[in-house]
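S.K.: Fold the stuff below for me.
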Amino acid sequence: MVVATRTLSAWARYAWAAGILYVVALVAETVVGVLGGGLSQNGSAAKIANTLYDHHGRLLVVTYLSVVYAAMFLIYLSKLYDLLRGDTDRTRFLSSLVLVGGALFIALHAVSDVGIFGLLGAKLASFGSQHDQGVSYTLYLMTYGLDSVADVFGSLFAFAAGVLVIGSGVLPRWLGWASILAGILFFLQGFGLGGVISSFGLVLDLIGFVLFLIFVLVSSVLLLTRQNALPDTAGGIE
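M.R.: Numbers count the residues shown, from 1 in each chain. All right, here's what the predicted structure looks like:
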């Protein structure tokens with residue numbers, strides 16, 4: 001019994017540490033992407049195609065970091081779901097939104113950042129620059145579209161997680177409100193397709209993402225600290 005409890009406690013530590021690694025990998029991926037020539041969705045097909053080719057090595061770095069963040073978020077998500085899951089119909093419904101919304105959120109971001117950027121970095125950036133600029137242009141804009149759709153599903157995760165945090169008291173209430181606000185911004189940015197249809201979508205998405213990262217990082221640090229403070233023979237937070 002003691003061994004089983006100790007194992008559960010260790011897995012909880014790994015899960016909260018994964019949340020921290022998710023934020024670190026995502027921030028690193030974002031920094032690398034920003035340094036990649038100042039691309040934006042408003043650039044011409046020629047500029048986007050040539051810049052992607054000139055910085056195709058950075059695209060592969062973005063892909064590698066995205067592989068890490070995609071896996072780490074799912075580990076964090078699984079434990080957050082366990083933490084917030086309740087016994088009432090309301091809490092079961094909201095915790096299901098946390099799990100499903102979070103899984104779709106990270107899956108679509110991974111398709112964008114791992115799949116498409118990986119293809120561009122490995123093969124298609126060269127082809128697009130030399131033969132068909134429309135290929136690179138279309139795929140690059142598609143990453144904005146996929147990220148925007150991902151964040152619409154992420155709005156369900158963020159809003160439901162915030163409501164559960166406020167109701168359960170397992171984390172500070174301000175963190176729950178930050179998550180709810182992130183969820184609202186994630187939902188509204190969808191009407192601008194993350195900046196492709198209208199620039200307000202990108203602005204709302206960026207603000208929402210900062211709040212979202214604060215939620216993941218602070219919750220992971222608090223719960224990891226709390227878990228480490230418990231003896232291995234204690235049940236801890238499940």
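S.K.: contacts and neighbour counts: CA atoms only from here.
M.R.: OK.
S.K.: Helix or strand with the lowest mean pLDDT in the chain?
M.R.: Using mean pLDDT, DSSP states H and E, the weakest-scoring helix or strand in the chain turns out to be helix 125-130, at a mean of 68.
S.K.: Name the residues of stretch 164-183 that come out as buried.
M.R.: 164-166, 168, 170-171, 173, 175-183 (16 or more other C-alpha atoms under 10 Å).
S.K.: From these, which land in helices?
M.R.: Secondary structure defined by DSSP state H assigns 164-166, 168, 173, 175-183 of the buried residues of stretch 164-183 to helices.
S.K.: quick one: which of those is nearest residue 59?
M.R.: Closest to residue 59 out of these is residue 182 (27.4 Å), distances taken as C-alpha to C-alpha.
S.K.: residues touching residue 223, list them.
M.R.: Listed by C-alpha atoms under 8 Å, 6 or more residues apart in numbering, the contact partners of residue 223 are residue 16.
S.K.: if I look at it, how far off is residue 14?
M.R.: Using C-alpha to C-alpha, to the nearest Å, one gets 11 Å for the distance from residue 223 to residue 14.
S.K.: repeat for residue 24
M.R.: Taken as C-alpha to C-alpha, the span from residue 24 to residue 14 is 15 Å.
S.K.: again, but for residue 161
M.R.: 20 Å.
S.K.: ok, now residue 29?
M.R.: On the measure of C-alpha to C-alpha, residue 29 and residue 14 end up 22 Å apart.
S.K.: between those two, who's got more neighbours?
M.R.: residue 29 (22 against 16; other C-alpha atoms under 10 Å).
S.K.: how about the closest residue to the more buried one other than its chain neighbours, what does it touch?
M.R.: Residue nearest to residue 29 in three dimensions, not counting chain neighbours: residue 62, with 5.2 Å by C-alpha to C-alpha, 6 or more residues apart in numbering. By C-alpha under 8 Å, 6+ apart, the contact list for residue 62 reads 29, 30, 32, 33, 113, 114, 117.
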